[in-house]
Each structure stands twice: as structure tokens, then as C-alpha cells.
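Engineer: Could you look at this predicted model? Sequence included:
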Amino acid sequence: MEAKEKRKRSAEYEAVVRAGPNLRRIQQAHAHLVVTGCYRSRALLTKLLTLTCAAGAIAYTRRIFRSVSDPDSFLFNSLIKASSKFGFSLDTVVFYRRMLLSRIAPSTYTFTSVIKACADISDLRLGTLVHSHVFLSGYASDSFVQAALVTLYAKSCAPRVAQKVFDEMPERSIVAWNSMISGYEQNGLASEAVEVFNRMPEFGVEPDSATFVSVLSACSQLGSLDLGCWLHECIVESGITMNVVLATSLVNMFSRCGDVGRARAVFDSINEGNVVSWTAMISGYGMHGYGVEAMEVFRRMKAHGVVPNSVTFVAALSACAHAGLIDEGRLVFASMKKEYGVVPGVEHHVCMVDMFGRGGLLNEAYQFVKGLRSDDLVPALWTAMLGACKMHKNFDLGVEVAENLISAQPENPSHYVLLSNMYALAGRMDRVESVRNVMIQRGLKKQVGYSTIDVDNKSYLFSMGDKSHPETNEIYRYLDELVWRCKDAGYAPMPESAMHELEEEEREYALRYHSEKLAVAFGLMKTGHGVTLRIVKNLRICEDCHSAIKFMSIVMNREIIVRDKLRFHHFREGSCSCLDYW
DNA sequence: TTAGGGTTAG
């Protein structure tokens, strides 16, 4: 009799397992259990709960959980793990609280899941509280818990705390190293991420594919092609399997470091691409202004049966915007909702305004903005509008837009600079002065622009008028001479795009020693003929530098590639790949 | 009566 009972139960259990994370089948299995009276079995209930959670039916999970009279430790742990794993972080916290209230002791397994949930919602306060529970429970030296804590602090914008936890770990697993590297990378501290990576060999730790994915992202931020190529070699030498995530990371790195050809070569080597890898390639072409190529990849992606999502559409629309493909952009935008059911969000709206604006269709851009719901009117729309006003010299509209921007974000100094630029271009110097005074009153400082360039595997940083470099005198002299040669070739400095409060002569001086010009001069000085220069600027390249670098590419017969905040500019033989379309 | 963790791409 007993054996028979046991066989029956295990058959029921098997039936639940077979249902898998499919809500309809789980419900059928659940109904069957209720009918046969087996639903009182804890094992079955627990399995049922984790499966409903995996199926994404969190409301159903909660309902079943509420019906359990006296949940045990196994049930709590299963539920906490499943809810955390499938992204129901707030539920994880609620279940954890219930567990504590039920006076059931959490284990290291409980903590890893709860800490991951706190990390996913970047809740530092809650995470710190759980960290104190870890101490009280005596699990502070568990390596899994510690690795989870590193992730928690890293993802909650506290990378220094993460580093402290990491440093105090007696044994650091590869996952802990990876958490530390990705933590720095995700907080925009790319150099620190690379430093951690470089310290791995001295601890005898072999990087795995997740390590490379994170360090490649850091490299993309830095825009350092030398570093990226070296990492690529490391991956090949390590014999790590090139999975789609790693390959996509490489595609992104090569694009963002200015070598879209290599990005394409890696992309072509991917066997089973997914929506992320295709999107990465579209975005890569887009940021270089290769709109036709981007749209070709977009077309091929659809032909391969890969369904574009919201991010893909941002990449495709932005590619159209940066290449002036207005009609194609319109078609893409129209197809979003109609063919793919993707509802346009604020990012897509910004792309459209940017696209119309760059193309000189200011009125259409403005009408597009006016047609949006008021809660969709994000500052980025006005910034795109403003860029268009400046490019196409519509100062009245520009002033109106800049004033809108300032009222929306009075604490953002770059809006004041834009407004001041607009007034200056419109010849309203009295207003320029008053905007500047407002900035001073409110204690707002213009964001400092800087440019970096790699020479002989070393990164050099320049800011405007920078004199910190040991070879400053040589660089300035070289640049002065270069500017003279450019002037001979037809370059005319454009003083109006400098800070307008300066006197005429000072303005030209300030322009001449902009960070990107200093970086170009240094690169030309230090590298041999035929070497392509690659510069990364943190802000948008200024109009005058854009013009000057075109001339530099002629007089020095060099290819110069500049990545700015928005896109790439390839300067060659006196023209730029953006076709002045930025 | 039942399993098991923390890291990675657009």
C-alpha cells in the first residue's frame, strides 16, 4: 500500500514537472492535484510555485503562496530563489520579510538570492540592511554571499564599497572578479575596470567569457582600439568558445573604437545571431554615419526571421538620422507599430526629431514634437530640436526651445551654454551677458570638455588650453604652425562657436587650443606618416574644430577619426564622413 | 518529499 502511494505521488510530481514553465499547463496540473487531493503535498506545492514564477505569473504565485498555512524553509528558499532569478525583485524582498517574520533562519542560499534582488533594483538601503543580517547570521565569510555583495554595491553606484568587500574576500572566485569588473564598467569607471582585469594574472585567475564581455564594454567606453585588439588576441589565445554574447561584445567594441570593418568581420563570423547581435551591427554602422549599410543589415535581419525590438528601432532610426535617410526613416517609424507591434517610446521620438532637424525640416520636427503627449516631452527632444536650430541657423525658434529646456531643467549648465550660443549667433550680445550672469548666480559651471588619444599603447588626455603635458611647448608650437598651414589652405576660424564672453582675439586663442585640436596635433607629432589618428571627445565636437580637422586631414594627408558624444567623424582628404550632417 | 547560488552583449 505504502509503495503504491509513493508511486502515485511521484507520478503526480512528474506531471507537474512535465508542465514546465507554461502557465496553462501548470494550471491544468494544479487543477488535477486539487481534484485528486494531492495538493497538500509540500513538495508538489513548492514545485508548482517555482514553476509559476518561472512562467512569469507572479500574481498566481502570490495567490498559491497565500494559501499555504505554514511555509517551511525549503518553500521559502525556493520561492525567494525563483522570484529573484526571474526578476520579481520586490516579491523576493516581501517573501524574505515573511520568512524572517515566520522565524525561519535564512541560509547562504537565501542571502545570495535576496542580495541579487536588491542589486537588481539598486536598493542600497535595503541591501545594506540585508548585509547586516548576513553578519548577524554568521555568513559574512561565505564566498557566494560575498560575490553577491560585490555585485550589490557595484550595481547600486557604490563601486568603492564593492571594492572594499572584494579586497576583504579571502578567496575570490572568477565570478567575484567579474562582478568587480562589470561594477566599475557599469558605473562609467572604465579605466578602473581595466585595472582590475590587469591584476588577474598576479592572482592566478584565468578570465572567462563573462570577464571579457565586461572588459570589452569598458574598452568600448574608452574608445581604445589598441586595447580592444589586444583583448581580442587574448580571447583567441585563451581558447574560450566564441559564444554570441562575447561576439556581440566584440562587435560593439570594434564599432565604438572606430573600426567598423573589424566589427563587421566579427559579426559575419557569428553562426546563430540573435536580435541583440543584429542590433549591435546596425547601431555600429549608424554611429559611423553608414546609414545605407545599417539599413541593409536591418533588411537582412528581417529576412533571416529575426524580429526587431524597441532597441533595434532606436538603432535603425538613429542610423537614418545620422545619414540623412529621411524617407527610409519615416518608413521604419511607420512599420514599428504596424508590422511589429512596437509602440514608439521617447527614444524613438527623439530619433525622429533629430532626423527631421538634421535634414533641415525644422517645421516638421517642431510639429512632430507638438503632436506628442505632454508627459512624453522629455528634455532630449528639445536638445535635438535645438541642435537643428543651430545647424540651420533658425535663432528665433532656437531661443524659444532653449528657454523651454532651461525651465524644464534649470540645474543643467549645458542648456544655458546652448541658449547663450543661440543669442550670440542671433547677435544679441546683451542677452549673452545676462545668461552668463544667471549661470554665475546659480553656481552652474560649464561641463569641461576633454579629448583622449592613444599613442604607443599609452592614453593621453587633453583639455582646453591644457599645459600639463611635459611637451606642452612643442605641442603648442606644432599646433600653431599647423593652423597656419590650414589657413593657407583656406581654413577660416569661426569665433562665434567659442565662449562668447571673450574678446575677439581671446576667442580665437581659446578655439585654437580646444582639446580635440591639441590631441590631433599631439597625434600627428608622435606618429608616422600613414598612421590613422583616433581621438575620443567626451562632448560634441565643436564646429570650428570640425572645420579645422578637415583641413588638417588635407595638409598632413592623414586619416583622422574622432568619436564625439554622439557619433564618429572620419576626416579624410578634407571632408568628413558626417557630410557636415551632425 | 524536494535544489541549489553570485558574473556577461544591443
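Structural biologist: Yes, it's here.
Engineer: rest of the way, CA atoms for contacts and neighbours
Structural biologist: Noted.
Engineer: Could you break chain A into its assigned domains?
Structural biologist: A:182-259, A:345-447, A:451-576 (automatic domain parsing).
Engineer: quick check, the shortest one touching DNA strand B?
Structural biologist: Pointing back at domain A:182-259 there. Yes. Using C-alpha under 7 Å from any atom of the strand, we find that domain A:182-259 touches DNA strand B at A:182, A:209-211, A:213-214, A:217, A:244-246, A:248-249, A:252.
Engineer: same deal with the last one?
Structural biologist: No. No part of domain A:451-576 sits near DNA strand B under the criterion C-alpha under 7 Å from any atom of the strand; the closest distance found is 12.6 Å.
Engineer: ranges for the strands of the stretch 151-300 of chain A?
Structural biologist: Secondary structure of the stretch 151-300 of chain A (DSSP state E, counting those that start in this stretch): no strands located.
Engineer: One more: chain A?
Structural biologist: A:450-455, A:458-463, A:533-537, A:560-563, A:568-572, A:575-576 (DSSP state E).
Engineer: can those go into CSV with extra columns for mean neighbour count and mean pLDDT?
Structural biologist: Converted to CSV, those look like this (neighbours: other C-alpha atoms under 10 Å; pLDDT from 0 to 100):
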stretch, mean neighbour count, mean pLDDT
strand A:450-455, 22, 94
strand A:458-463, 16, 92
strand A:533-537, 25, 96
strand A:560-563, 25, 96
strand A:568-572, 25, 95
strand A:575-576, 20, 94
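Engineer: For the residue minimising distance to the centre of chain A, which residues are in contact?
Structural biologist: Of all residues in chain A, the one closest to the mean position by C-alpha atoms, centre = their mean is A:Gln186, 8.0 Å from it. Contacts of A:Gln186 were listed using C-alpha atoms under 8 Å, 6 or more residues apart in numbering, and they are A:154-155.
Engineer: So for it, what's the pLDDT?
Structural biologist: On the pLDDT scale, A:Gln186 is placed at 92.
Engineer: and the stretch 301-450 of chain A, which of its residues are near DNA strand B?
Structural biologist: A:308-312.
Engineer: how about CSV for those residues, with neighbour count added?
Structural biologist: Shown next, in CSV, are those (neighbours: other C-alpha atoms under 10 Å):
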residue, neighbour count
A:Pro308, 20
A:Asn309, 16
A:Ser310, 17
A:Val311, 17
A:Thr312, 21
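Engineer: and these, which of them are in helices?
Structural biologist: A:310-312 (DSSP state H).
Engineer: and which of those is nearest to A:Leu331?
Structural biologist: A:Thr312 (14.4 Å; C-alpha to C-alpha).
Engineer: Contacts only, for the closest one.
Structural biologist: Here A:Thr312 is in contact with A:275-276, A:279, A:282 (C-alpha under 8 Å, 6+ apart).
Engineer: the helices in the stretch 401-550 of chain A, which residues?
Structural biologist: A:413-425, A:429-441, A:472-488, A:504-512, A:515-526, A:543-555 (DSSP state H, counting those that start in this stretch).
Engineer: Would you format those helices as TSV with mean pLDDT included?
Structural biologist: Shown next, in TSV, are the helices of the stretch 401-550 of chain A (pLDDT from 0 to 100):
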stretch	mean pLDDT
helix A:413-425	83
helix A:429-441	85
helix A:472-488	94
helix A:504-512	61
helix A:515-526	95
helix A:543-555	94
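Engineer: Pull the number of nearby residues for A:Ala218.
Structural biologist: 27 (other C-alpha atoms under 10 Å).
Engineer: do A:Asp480 as well
Structural biologist: 15.
Engineer: From DNA strand B, how far off is it?
Structural biologist: Going from A:Asp480 to DNA strand B by C-alpha to the nearest atom of the strand, to the nearest Å gives 39 Å.
Engineer: which of the contacts of A:Thr312 tops the neighbour count?
Structural biologist: A:Ile282 (28 neighbours).
Engineer: confidence score at that one?
Structural biologist: Reading off the model, A:Ile282 has pLDDT 97.
Engineer: cool, and the one 3 residues further on?
Structural biologist: The per-residue pLDDT reported for A:Tyr285 equals 97.
Engineer: Near it, how many other residues are there?
Structural biologist: 26.
Engineer: quick one: it and A:Val35, what's the gap?
Structural biologist: 59 Å (C-alpha to C-alpha, to the nearest Å).
Engineer: And for A:Arg98?
Structural biologist: From A:Arg98 to A:Val35 the distance is 29 Å (C-alpha to C-alpha).
Engineer: Between those two, point out the one with more neighbours.
Structural biologist: Per other C-alpha under 10 Å, whichever of A:Arg98 and A:Val35 has more neighbours is A:Arg98, with 14 against 10.
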